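# Just to be clear, the model below is a prediction. Sequence and coordinates:
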Amino acid sequence: MEQLTQSYGENVRRMDGLLGAGRSCDLVARDLVIGGRRGRIWVIDGYGRDAILERMGSFWLSLRPEQVTPLTQMQDFADRFITFSETNVAVDVEEIVTSVLLGKTLLLMEGLSGGALMDAKDYPSRGVNEPADGKVLRGAHDGFVEAIVPNMALLRRRIRDPQLTMEGRKVGGLSRTDVVLCYLEDRVDRKVLEELRRRLDTVDVNSLSMGQESLAEAIRPKQWYNPFPKIRYTERPDTAAATVLEGSVVILVDNSPAVMLMPTTLFSFVQEANDFYFPPLVGTYLRLVRIAVLLLSLFVTPTWYLLVSVPGRLPEWLEFLAKPEPCALPLLAQLLVVEFLIDLLKLASLNTPDSLSNSFSMLGALILGDFAVQAGWLTPEVLVYMAFVSIAGFSQPSFELGYAVKLLRMLLLILSALFDLWGLLAGAALIVVLLAANRTVAGPGYLYPLIPFHAKALRRLLMREPISRGNT
């Protein structure tokens, strides 16, 4: 472990070289004379708070030699003359360099051993506006941002309990990204917490370039073939706070506005913040509708395809589902093509400038609607069913679960076309196997509280219970 020496000149040259003073235009280095002694500060431009640094600098420059001469340790200088509260003294070179790159200000002085690190940083970030994918009709309209310190403050604001713990870690050999485990010390599941600690400590990557997604790929089980999500995300502080109060663990990652909620189960995806901003009866209704729509969106098109693909299979009371008129594409091809076209429109909308969004919406509606029907490419019945499953996908709070349902729905369609009713049944059995075999990062299992069965927990997940001392 390399440490600072007693030579001020050697330490300055080493820090200049390691931090890139004169090489990087955003690394600011400034020489000062403090009480007759030479000093030098280093700070990343854009991180340091100019008002605080200027106030401390003006105070140091006013010090007299007799105030500084008796000192031999930087800790003594910090105790007497550094007024900023978030200050520590370090001698390890790697720790000092990492701290400066994280935004801290470094001060070295002639004749004083060690370097003072002042956390007078201010990351550039946007306001805590409501996230686009978590809007509510009532309730809080704030959301997490890309800076981890404001995100921790948003949770502290909602849970003012000394048991709330923010356990910090550095992940990534090059990025040294801040990762925080947030939990209540007296409520957390210790097995889940220890498993998450173990996984974070064994992460071997250079950088978390994609924020929480990079970390999720590094810690979650490697089951690329299983489409069901293994981690639940949210950008809402109220949702994260409620999860912490229930004894779960929230993982915050710097540079990411989404936090990870652990442990994750299938039934946790049916909950949404809107459920809790309405009375219990309305919240329960919304939750049950969401579950019913999820199941319908998975099976509606494969089941309809089976009913209309074989003449005489439709019972009399379902005659309104009559087989559509023949067109240029087979029925299976129509359903699959529209599935791909819907995703194409979603991708295109992400890259469409706001000024052209209205024109794009009109063009997409014409292509998928009237033009396609008139040209004989698609039938109106196919568009109706695909419109339903598309709307159903937006009703789910998790994009990952929505795409898992989409992929499995396409698999059911293909199996139904190949093996008729047995294909649909085999596909349904395969979905059950994938659910049971889906391994999460930590926790009792993906199908909990169904497997292992816990009646009270299952009831609370399926029904919106009134708030009480034991229910957050």
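Yep, it's here. Numbering: from 1, shown residues only.

# Run the chain-centre distance for whichever strand or helix holds Leu412.
Following DSSP states H and E, one finds Leu412 within helix 399-437. Relative to the centre of its chain, helix 399-437 is centred 27 Å away, using C-alpha atoms, centre = their mean, to the nearest Å.

# Tell me which other helices or strands it touches.
helix 280-309, helix 331-350, helix 380-394 (3 or more C-beta pairs under 8 Å, 6 or more residues apart in numbering; DSSP states H and E). (Each C-beta comes from the backbone N, C-alpha and C, glycine too.)

# Dump those helices into CSV; add mean pLDDT as well.
Below are these laid out as CSV (pLDDT from 0 to 100):
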stretch, mean pLDDT
helix 280-309, 91
helix 331-350, 84
helix 380-394, 85
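
# secondary structure element for the residue lying closest to Ala258 once chain neighbours are set aside?
Here the nearest residue to Ala258 in space, its sequence neighbours aside, is Tyr233; by C-beta to C-beta, 6 or more residues apart in numbering that works out to 4.5 Å. For Tyr233, the host element (DSSP H and E) is strand 232-234.

# Would you mark the buried spots in that strand?
232-234 (16 or more other C-beta atoms under 10 Å).

# nearest to Lys191, of those?
Nearest to Lys191 among those, counting by C-beta to C-beta, is Arg232 at 18.4 Å.

# what bridges to that closest one?
Leu261 (DSSP bridges).

# re the thing from before, which one of the buried residues of strand 232-234 sits closest to Arg313?
Arg313 has its nearest neighbour among these in Arg232, at 39.8 Å by C-beta to C-beta.

# elements contacting the strand holding Tyr233?
strand 259-262.

# Just the mean pLDDT for the strand it packs on, thanks.
The average pLDDT within strand 259-262 is 94.

# helix or strand right after it?
Next along from strand 259-262, by DSSP H and E: helix 273-276.

# Buried ones in that next one, by neighbour count?
273-276.

# same for that helix, what does it pack against?
helix 237-245, helix 280-309.

# quick one, which of those is nearest to Thr440?
Once the helices and strands packed on helix 273-276 are compared by C-beta to C-beta, helix 237-245 is nearest, at 14.7 Å.

# Can you give the contact residues for the closest one?
134, 139-140, 142-144, 151, 154-155, 157-159, 164, 182-184, 187, 234, 250, 259, 261, 273, 276, 472 (C-beta atoms under 8 Å, 6 or more residues apart in numbering).

# And Val179, how far from Gln212?
Plainly put, Val179 is 9 Å away from Gln212 if you go by C-beta to C-beta, to the nearest Å.

# Overlap in contacts, those two.
Contact with both Val179 and Gln212 is made by residues 251, 253, according to C-beta under 8 Å, 6+ apart.

# before we move on, the earlier item: out of the contacts of helix 237-245, list just those in helices.
Among the contacts of helix 237-245, the residues falling in helices (DSSP state H) are 151, 154-155, 157-158, 273, 276.

# which of the residues you listed are buried?
Looks like these have 151, 154-155, 158, 273, 276 buried, using 16+ other C-beta under 10 Å.

# Could you dump the residues you listed into JSON lines and include distance to Leu19?
Output for those, formatted as JSON lines (distance: C-beta to C-beta, whole Å):
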{"residue": "Asn151", "distance to Leu19": "27"}
{"residue": "Leu154", "distance to Leu19": "32"}
{"residue": "Leu155", "distance to Leu19": "33"}
{"residue": "Arg158", "distance to Leu19": "38"}
{"residue": "Ala273", "distance to Leu19": "44"}
{"residue": "Phe276", "distance to Leu19": "48"}
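
# May I see the helices and strands packed on helix 399-437 arranged in a markdown table, with distance to Leu401 and mean neighbour count as well?
Output for those, formatted as a markdown table (distance: least, C-beta to C-beta, whole Å; neighbours: other C-beta atoms under 10 Å):
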| stretch | distance to Leu401 | mean neighbour count |
| --- | --- | --- |
| helix 280-309 | 8 | 17 |
| helix 331-350 | 16 | 16 |
| helix 380-394 | 9 | 17 |
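
# Of the ones you listed, give the one that comes closest to Trp42.
Per C-beta to C-beta, nearest to Trp42 of these: helix 331-350, 40.2 Å.

# what angle sits between that closest one and helix 280-309?
140 degrees (axes from the mean of the first three to the mean of the last three C-alpha atoms, to 10 degrees).

# Near the nearest residue to Leu184 once chain neighbours are set aside, how many other residues are there?
Nearest non-adjacent residue to Leu184, counting by C-beta to C-beta, 6+ apart: Gln163, 5.0 Å away. Look at Gln163: counted by other C-beta atoms under 10 Å, it has 11 neighbours.

# And the pLDDT for Gln163?
So, for Gln163, pLDDT stands at 89.

# roughly how far apart are it and Arg169?
20 Å.

# If you average pLDDT per helix and strand, which one of this protein comes out bottom?
helix 357-366 (a mean of 59; mean pLDDT, DSSP states H and E).

# ok, the most centrally placed residue in the chain - contacts?
The centroid of the chain falls nearest to Ala258 when counting by C-alpha atoms, centre = their mean (2.8 Å). Residues in contact with Ala258 (C-beta under 8 Å, 6+ apart) are 144, 211-212, 233-235.

# Could you rerun that using 10 Å?
131, 133-134, 143-144, 146, 151, 211-213, 216, 231, 233-236, 240, 252 (C-beta atoms under 10 Å, 6 or more residues apart in numbering).

# quick one on the thing from earlier: is it possible to export the helices and strands packed on helix 273-276 to CSV including distance to Ile451?
Output for the helices and strands packed on helix 273-276, formatted as CSV (distance: least, C-beta to C-beta, whole Å):
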stretch, distance to Ile451
helix 237-245, 21
helix 280-309, 17
